[in-house]
Structure formats: structure tokens, C-alpha cells
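1. Give me a model of this one.
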Amino acid sequence: WQLPLALAAAASLAALLLLPRGATPPALELRTPVGGFRQVRLEDGSELTLNTDTALRVALGQDARTVTMAQGEAFFAVAPDAARPFSAVCGEASVTVLGTAFAARCASAGMDVVVEHGRVRFATRVGGGASRELGAGDAVRYDRRENLAEISRVDPARALAWQKRQLVLEDVPLGEVIAELQRYMEPRLRITDPAAASIRVSGVFGTSDPRLTLEALQRSLGLSVTGPAEGPLLIARGGD
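-> Next up is the predicted model:
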């Protein structure tokens with residue numbers, strides 16, 4: 001048993017010798033499946049919370065810290081380091097901070113950002129690279145096709161409730177609720193009744209078990225949900 005231990009020690013020493021002191025560590029690939037949830041603490045002290053169906057790459061360099069988002073949603077509690085700005089990138093859009101907490105959602109249509117506290121700079125590489133500064137409670141929705149960034153004010157506690165694995169809804173059309181719930185579950189959901197899609201929904205619902213949330217909506221709104229377990233699940237008003 002001494003030989004394997006000796007070989008392992010030699011391999012570890014070789015790895016250290018191959019990575020010069022002060023060299024940039026390799027990038028970290030992080031991913032969650034549909035319905036998944038993950039919390040990670042980085043070497044610089046920053047903390048990341050990944051929501052459902054998220055894929056991103058973290059590179060902690062000597063002069064900058066960059067998270068490249070392929071898809072999904074994440075919350076970033078950034079450790080201050082003025083010498084190494086922290087950026088989250090989604091396509092041609094990016095958010096850069098020195099020390100703050102914010103969430104970013106990346107999709108093919110664009111990027112959404114919500115600032116919990118601190119200040120960030122939102123920018124795109126399109127149209128001359130114009131940038132905008134956002135503070136606590138600010139949100140920006142960037143549409144990649146229109147190259148348009150819309151800024152609004154939000155309640156961070158409500159907008160970031162997904163960190164508690166919750167959906168906090170206030171007078172939201174059922175169609176939007178089902179689209180959001182779809183992010184957390186595999187069977188396809190389809191509203192077959194246009195009138196059902198316009199039903200207004202308010203309440204707090206869990207995302208850790210989206211089928212229970214769907215059942216709660218079914219009972220409280222008198223919906224009919226039919227179809228095989230593997231989907232698609234067809235949603236309509238009861239009796240329709």
C-alpha cells in the first residue's frame with residue numbers, strides 16, 4: 001500500500017510544480033439541472049447561488065473575475081476586491097461590480113439583472129458600448145434582438161424569492177405563472193384555454209416541488225390538468 005501512496009504524493013507534487021506561483025487557476029464550470037439548486041463559495045470569498053437549469057463558467061484571474069453565463073439564473077454575493085473587478089457576462093451584455101450583491105438571468109432573448117444592494121454597471125457591446133449604472137432595487141431587462149435595455153424599480157425581496165425556492169406572485173396572469181413554473185419541471189405544460197391564461201394569480205408558491213405548486217393552482221383556481229405523467233400536461237378551466 002505504500003507504493004500507491006508514494007505515487008499519489010509524487011503526482012500532487014508534479015501538479016504543484018506545473019502550476020507556477022501566482023498563476024491563474026483553471027476556470028470552474030458550474031451547472032444545475034432542471035429543478036436544480038446549488039450554492040458555491042469561490043476562492044475569492046464570493047458566493048454564488050445557481051437556480052434551475054443554469055450553466056456558467058467562472059474565471060478568477062489576476063486582474064479580473066469573470067463569470068460567463070451560458071443560460072439560467074444566478075445570484076452573486078461578490079467579495080470586494082478593487083484590483084479585480086467582478087463581471088457577469090451573457091452574450092454581448094455584462095454587469096460589472098467591485099463589491100455588491102445582484103442576480104442575473106441569461107437566455108437567448110437577452111439578460112435580466114436585479115440589484116439587491118450596492119451598485120453595478122450594466123453595459124452591452126452593441127451600439128458603441130453604452131453603459132448604465134444601477135443601484136439597490138434597480139432592475140434592467142435587456143432585449144438582444146431590439147438592443148434595448150429597460151430599467152425599472154422592483155422589490156428585491158420579491159424578485160429574488162427564488163433563492164428561498166419560492167415564487168412570490170401578485171396579480172400575475174396564469175399564462176406567465178405557468179411559463180415561470182415550466183423552468184422548474186420537465187413535463188411540458190400547455191394552456192389550451194385562452195381564458196384560463198388570463199386568470200390573475202397572487203400568492204407564494206414553492207419551486208422545490210413544482211408538481212405540488214401545479215396541484216395547488218389547480219385546486220385554488222378550479223383548473224383542469226390532463227395528460228400523461230411524461231407530458232404534455234394540458235391546462236384549462238375546470239369543465240372545459
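2. sec struct for the nearest residue to residue 81 once chain neighbours are set aside, please.
-> What sits nearest to residue 81 in space, not counting adjacent residues and going by Cβ to Cβ, 6 or more residues apart in numbering, is residue 44, at 6.3 Å. For the C-beta atoms, the positions are set from N, CA and C on the backbone; glycine is no exception. Here residue 44 is coil, with the state taken from DSSP: H, G, I helix; E, B strand; the rest coil.
3. Could you report the neighbour count for residue 44?
-> 14 (other Cβ atoms under 10 Å).
4. before we move on, what about residue 76?
-> Neighbours of residue 76 (other Cβ under 10 Å): 22.
5. How about the one 4 residues further on?
-> Neighbour count of residue 80, defined by other Cβ under 10 Å: 14.
6. same thing with residue 98?
-> The number of residues packed near residue 98 is 17, by other Cβ under 10 Å.
7. Could you find the closest non-adjacent residue to it?
-> Nearest in space to residue 98, with sequence neighbours left out and distances taken as Cβ to Cβ, 6+ apart, is residue 82 at 5.5 Å.
8. Next: residue 118.
-> residue 100 (2.5 Å).
9. Mind giving me the packing neighbours of the helix or strand residue 196 falls within?
-> Residue 196 belongs to helix 194-197 when assigned by DSSP states H and E. Judged by 3 or more Cβ pairs under 8 Å, 6 or more residues apart in numbering; DSSP states H and E, helix 194-197 is in contact with helix 174-182, strand 233-237.
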